[in-house]
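# Show me how the following folds:
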Amino acid sequence: MPPVLRLLPLSAALSLFLSALPAHSQSLISLYEAARDYDATYQGARAQYDASVARAAQARAGILPQVGLNAGVSRNVLDVDVISGAPTGSASRDYTTQNVGINATQPLYRPANWAAWEQGKRQAEIAQTVLTTAEQDLIVRVSQGYFDVLAAQDTLALVRAQKAAVAEQLAFAKRNFEVGTSTITDSREAQARYDLVIAQEISAENDLQVKRIALDLLVGRTGSAPLALAAPVVLPSPMPADMNAWVAQAEVVHPSIHQAQLAVDVAGLEIEKARAGAKPTVDANLGYNVTRNPNGTSSTTVGTRASGPSVGVVFNMPLFAGFAIENRIIETMSLEQQSRAQLEATRRSVTQATRTAYLGLVSGAGQVRALEAAEASSQSALDANRLGYQVGVRINIDVLNSQSQLFQTKRDLAVARYNVLLGNLRLKQANGTLAPPDLQPIDATLARNGEAVNSPASVVQPNQTVQTVQPPRPSIQTMPPSIQPQSRPSYTAPATSFQVMPPPALPAPPIVQTDPALPVPVVPAR
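Here you go, the predicted structure:
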């Protein structure tokens, strides 16, 4: 019975490959939530935010009262000499002094402290913008790792399906060579292509392992298994579909622009602090103190105790500080100009990044549509080349090239779809509006609860087989000197029966005419 070689459809190959993955796959949102609690970069950003908020709150202390409790005891030993009057002489005197008190100071007029407090409030807002930027970066990094794993899985499945197709073509070429209907060149071309696909499979397996390790490291889980895209694939489109609208929104809400604007405000307040160095300060003091001398004092031997409140106002006016205040003002004004320049540079950078992200997303969506058409065309070309090879009008290398083109198109299409999904997130990151709820439209495109999994189109239709029937070997006959053409054996192609026609007769050789004046024959041009 002739052997029947079956080409495994790509959808079946992908199903077998995906069945080897962990049984419980994770959605994009679930892996993002895991990364929020595990990613070291994001945890460091949260710690930095808490530290910045605490540092900003410290500036408020400069406008609040300062209250302190003090207590002390001292032992005094004195030698008292009488140098005038009568009688003269010397005496020794020792006594103990004890004191305790509570005192408070309230700044009444300190412009530098008030400017520092305003700076602290803006520093807290800057810390919030930094944390928002870190959160947006985490969303993109998790999504990038998620789709990298999916793309690597698709690439490995496609390479394995291509290996099966090339193996079938290799077996087909070897069988035809054995029966004498093809040359050894077909077998060697197929073998070379098969060896190349084996190398690609090794590389794809390694790339998949690397991508999985990177995702596991990001989310803090082992064996992360992202959900594949649901079929049919519905890619979200940017809304609004106007690049200028995205740019205008970025100028209002982008955290980097907001951070740069706050930095300008902080620099302006630093100028006020520098100018406050030449202004007076006024503080109010309030206290209650108790002093005891149980053995008297240096002038009396009677024990005493003194206590009572105290209230006062302290005024301080700097007159000359060696031109330090004037130079400090010049320095802070220059730093404010630097902050304004950085603000303008940030605006330009955000505008460029937003335009680039929008154009990239639109271009990616167009590439997906073009690659979908190219996939259908490549599939048709492969079918035509395979049929042409079976009837003898195409050679083996044509089929192999068509297979390579089809699988390359499928890989490019899968990557383009993932890039479009990721491009939606990058566009929102570029204009500063990216937030965790933006993952929901992306997560909705994933297959779950038994939904059909998107896989690149199969090489052949399901249940289609490529069958090779071994024809009878032609008998060897002794041919007369006048060689007659002999018909080649017939065979049956898949779903099409045909008879291989004999090759056309060779044209008659040209007539050679000899010119008597020339020593060599002259062949007329055809």
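# alpha carbons only for contacts and neighbour counts from here, please
OK.
# Count the residues that sit near residue 259.
Residue 259 has 21 neighbours, counted by other C-alpha atoms under 10 Å.
# What are the phi and psi values at it?
Taking degrees, to the nearest 10, you get phi -70, psi -40 for the backbone angles of residue 259.
# Make 7 the first number, not 1, from now on.
Right, with 7 as the first residue, what we last looked at is residue 265.
# How about it, nearest residue that isn't a chain neighbour?
Leaving aside its sequence neighbours, residue 265 sits nearest to residue 132 (C-alpha to C-alpha, 6 or more residues apart in numbering; 5.4 Å).
# Now do the SS call for the residue minimising distance to the centre of the chain.
By C-alpha atoms, centre = their mean, the mean C-alpha position of the chain lies nearest to residue 147, the distance being 3.3 Å. Per DSSP: H, G, I helix; E, B strand; the rest coil, the local secondary structure of residue 147 is helix.
# next one: the one 10 residues further on
Look at residue 157: counting by three-state DSSP, its state is helix.
# doesn't residue 421 make contact with it?
Yes: at 6.0 Å, residue 157 counts as touching residue 421 under the criterion of C-alpha atoms under 8 Å.
# Pick out whichever of these two has more residues nearby.
Between residue 157 and residue 421, counted using other C-alpha under 10 Å, residue 157 has the larger neighbour count: 24 against 19.
# Next, find the distance separating that one from residue 105.
The gap separating residue 157 from residue 105 is 79 Å, by C-alpha to C-alpha, to the nearest Å.
# same question, residue 259
According to C-alpha to C-alpha, residue 259 and residue 105 sit 59 Å apart.
# coming back round to it: list the contacts for the residue nearest to the centre of the chain?
By C-alpha atoms under 8 Å, 6 or more residues apart in numbering, the contact set of residue 147 is empty.
# which residues in the stretch 207-356 of the chain form strands?
Ranges of strands within the stretch 207-356 of the chain are 287-299, 310-322, based on DSSP state E, counting those that start in this stretch.
# can you tell which of the ones you listed is closest to residue 250?
Smallest distance to residue 250 across the strands of the stretch 207-356 of the chain (C-alpha to C-alpha): 51.5 Å, for strand 287-299.
# List the buried residues for that closest one?
By 16 or more other C-alpha atoms under 10 Å, the buried positions in strand 287-299 come out as 287, 289, 290, 291, 293, 295, 297, 298, 299.
# Shouldn't residue 361 be within a helix?
Yes: Residue 361 forms part of a helix when assessed by three-state DSSP.
# now it, nearest residue through space, not along the chain?
residue 249 (6.5 Å).
# separation between that neighbour and residue 255?
From residue 249 over to residue 255 the distance is 10 Å, taken as C-alpha to C-alpha.
# residue contacts, residue 62?
By C-alpha under 8 Å, 6+ apart, the residues touching residue 62 are 123, 125, 126, 127, 129, 130.
# Low-confidence ranges, the stretch 307-456 of the chain, go.
In the predicted model, the stretch 307-456 of the chain carries pLDDT under 70 at residues 455-456.
# Now do the helices in it.
Remark: helices assigned in the stretch 307-456 of the chain by DSSP state H, counting those that start in this stretch are 330-397, 402-436, 445-449.
# counting contacts, what elements does the first one pack onto?
Pointing back at helix 330-397 there. Here helix 330-397 touches helix 249-259, helix 261-282, helix 402-436, strand 498-499, going by 3 or more C-alpha pairs under 8 Å, 6 or more residues apart in numbering; DSSP states H and E.
# can you give me how far that helix is from the chain middle?
The chain centroid and the centroid of helix 330-397 are separated by 13 Å under C-alpha atoms, centre = their mean, to the nearest Å.
# and what of stretch 408-428?
20 Å.
# And for stretch 224-235?
Distance, centroid of stretch 224-235 to centroid of chain: 15 Å (C-alpha atoms, centre = their mean).
# any idea of the mean pLDDT in it?
Taken as a whole, stretch 224-235 carries a mean pLDDT of 90.
# Quick check: buried residues in that stretch?
With burial defined by 16+ other C-alpha under 10 Å, the residues of stretch 224-235 counted as buried are 224, 225, 226, 230, 231, 232, 233, 234, 235.
# what's the spacing between residue 163 and residue 210?
Remark: distance between residue 163 and residue 210 (C-alpha to C-alpha) = 9 Å.
# more neighbours, the two?
More neighbours surround residue 163 than the other of residue 163 and residue 210, with 27 against 21 (other C-alpha under 10 Å).
# Quick check: which element contains the more buried one?
Taking DSSP states H and E as the criterion, residue 163 maps to helix 117-185.
# what distance separates that helix from the centre of its chain?
5 Å.
# Could you do stretch 105-117 as well?
54 Å.
# Likewise for stretch 437-456?
On C-alpha atoms, centre = their mean, the centre of stretch 437-456 falls 15 Å from the chain's centre.
# again with stretch 81-100
86 Å.
# follow-up on the earlier one: residue 259 and residue 105 - which one has more neighbours?
A side-by-side neighbour count of residue 259 and residue 105, using other C-alpha under 10 Å, places residue 105 first with 17 against 13.
# For that one, which residues are in contact?
By C-alpha under 8 Å, 6+ apart, residue 105 lies in contact with 77, 78, 79, 295, 296, 297, 298.
# And residue 435, by the same measure?
Taking C-alpha under 8 Å, 6+ apart, we find residue 435 in contact with 142, 143.
# can you rerun that using 7 Å?
Neighbour list for residue 435: residue 142 [criterion: C-alpha atoms under 7 Å, 6 or more residues apart in numbering].
# The biggest strand by length in the chain: partners in the sheet, and parallel or antiparallel?
With secondary structure taken from DSSP state E, the chain has its longest strand at strand 95-115. Looking at strand 95-115 with DSSP bridges, its partner strands are strand 72-88 (antiparallel), strand 287-299 (antiparallel).
# Next, the angle from the last one to helix 117-185.
Between the axis of strand 287-299 and that of helix 117-185 there is an angle of 110 degrees, by axes from the mean of the first three to the mean of the last three C-alpha atoms, to 10 degrees.
# What average pLDDT does strand 287-299 get?
What strand 287-299 shows for mean pLDDT is 93.
# how many other residues sit next to residue 429?
By other C-alpha under 10 Å, 24 other residues sit near residue 429.
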